[in-house]
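A.B. asks: turn this into a model:
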Amino acid sequence: MKSLLVTINQYVKDYVPSSKYGIIHYEDITISHSPQMLKGRIRLFQESLLLDLEDKDMKDIIGIREWRSIFKKTGTDPSRYRPSVEALYRRIKKGDFLNPFNSAVDLNNFFSLKYEIPLGIYDASHVREDIDFRIGGDHDTFEGLNGREISLKNMLHTADHIGPFGSPFVDSKRTAVSESTKDAIHIIYFKPSMDINECKEMLNAISEMFIQVHGGTSNHKVVF
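C.D. replies: Residues are numbered from 1 along each chain as shown. So this is what the prediction gives:
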């Protein structure tokens, strides 16, 4: 398995010095419709979460609160551009449960809800060489999974040699996973309050469950 070079731009370190990220590289995986057991588990988790959210505001959820703070620090208005995890939680609070898409995306959403953080899953064959965590400038954009042109100005995002492809707000269409994906890259946006050991334990848990569902092999690391 080729080792990815992952760097964090100095501007990111200056704005969010406590930020940490997880990188998991999967090989020889099989993505398909989610098995019934996984769909059932995700549905039950959403139903439980709906009950838990009845008397809660978004600011009461630690992961959302921390990621809204990061958006503010880089100059992104979190009320206009919500962290992806907050968008998921708002759907659940309204009783708008997530529809199954494919096993990788469904599991990615489950991890986001479970750990209260943004995550991104990408087709490794469409990621060109190394990955850099950056803060966007005036001309940084990509076509989002929602079909819109996404401006990344002042937004934390990931980029490869071609350009931006992912963010804790929304991901790009260019690197989306599908049932033809065999190798994938998982990016985990940890809560800044987590220590390194907590990050490593979470990476292990995410990697193990993903491999249980999809087969293949993986390696992972924390970058900070």
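A.B. asks: hey, let's count contacts and neighbours off CA atoms from now on
C.D. replies: Noted.
A.B. asks: mind listing the strands for this structure?
C.D. replies: For the chain, the strands defined by DSSP state E occupy 6-8, 21-27, 119-123, 131-135, 141-143, 149-151, 156-159, 164-166, 184-189, 217-223.
A.B. asks: all helices of the protein, in order?
C.D. replies: Ranges of helices in the chain, per DSSP state H, are 10-15, 36-53, 62-74, 84-93, 103-115, 196-214.
A.B. asks: name the residues that touch stretch 80-90?
C.D. replies: 58, 64, 67-68, 71, 109, 112-113, 116-118, 168-170 (Cα atoms under 8 Å, 6 or more residues apart in numbering).
A.B. asks: out of those residues, grab the one that's most surrounded.
C.D. replies: When neighbours are counted by other Cα atoms under 10 Å, P118 leads those with 28 neighbours.
A.B. asks: what's near enough to touch that one?
C.D. replies: 83-85, 112, 168-169, 188-190.
A.B. asks: ok, and what's touching stretch 206-221?
C.D. replies: 22-31, 103-104, 107, 111, 200, 203.
A.B. asks: quick one: the closest residue to D77 other than its chain neighbours from V213, how far?
C.D. replies: Residue nearest to D77 in three dimensions, not counting chain neighbours: F71, with 6.5 Å by Cα to Cα, 6 or more residues apart in numbering. Per Cα to Cα, to the nearest Å, F71 is found 33 Å from V213.
A.B. asks: what's the mean pLDDT across stretch 209-222?
C.D. replies: Per-region confidence: stretch 209-222 scores 97 on mean pLDDT.
A.B. asks: report the contact partners of the residue lying closest to E66 once chain neighbours are set aside.
C.D. replies: Excluding the flanking residues, the one nearest E66 by Cα to Cα, 6+ apart is K191, at 6.5 Å. Applying Cα under 8 Å, 6+ apart to K191 gives the contacts 19-20, 63, 66-67, 117.
A.B. asks: skipping adjacent residues, who's closest to G63 in space?
C.D. replies: Closest to G63 by Cα to Cα, 6+ apart is E116, at 4.7 Å.
A.B. asks: contacts only, for the one you found.
C.D. replies: 61-64, 85.
A.B. asks: most widely separated two among these?
C.D. replies: Within the contacts of E116, two members stand farthest from each other by Cα to Cα: I62 and V85, at 11.3 Å.
A.B. asks: and those two? Which one has more around it.
C.D. replies: V85 (23 against 15).
A.B. asks: if I look at V213, how far off is N219?
C.D. replies: Distance, V213 to N219, using Cα to Cα: 16 Å.
A.B. asks: if you could redo that for H139, that was the one I meant.
C.D. replies: H139 is 33 Å from N219, by Cα to Cα.
A.B. asks: mind listing what's buried in stretch 124-144?
C.D. replies: 124, 126-127, 129, 131-136, 140-144 (16 or more other Cα atoms under 10 Å).
A.B. asks: pick out the lowest-pLDDT one from these.
C.D. replies: E129 (82).
A.B. asks: residue contacts, the residue nearest the centre of the chain?
C.D. replies: When the chain is reduced to its mean C-alpha position, the nearest residue by Cα atoms, centre = their mean turns out to be L119, at 1.2 Å. Neighbouring residues of L119 by Cα under 8 Å, 6+ apart: 108-109, 111-112, 168, 186-189.
A.B. asks: any chance of the residues you listed in JSON lines, plus distance to L50 and pLDDT?
C.D. replies: Below are these laid out as JSON lines (distance: Cα to Cα, whole Å; pLDDT from 0 to 100):
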{"residue": "N108", "distance to L50": "19", "pLDDT": "98"}
{"residue": "N109", "distance to L50": "15", "pLDDT": "98"}
{"residue": "F111", "distance to L50": "16", "pLDDT": "98"}
{"residue": "S112", "distance to L50": "15", "pLDDT": "98"}
{"residue": "P168", "distance to L50": "23", "pLDDT": "98"}
{"residue": "H186", "distance to L50": "26", "pLDDT": "98"}
{"residue": "I187", "distance to L50": "26", "pLDDT": "98"}
{"residue": "I188", "distance to L50": "24", "pLDDT": "98"}
{"residue": "Y189", "distance to L50": "23", "pLDDT": "98"}
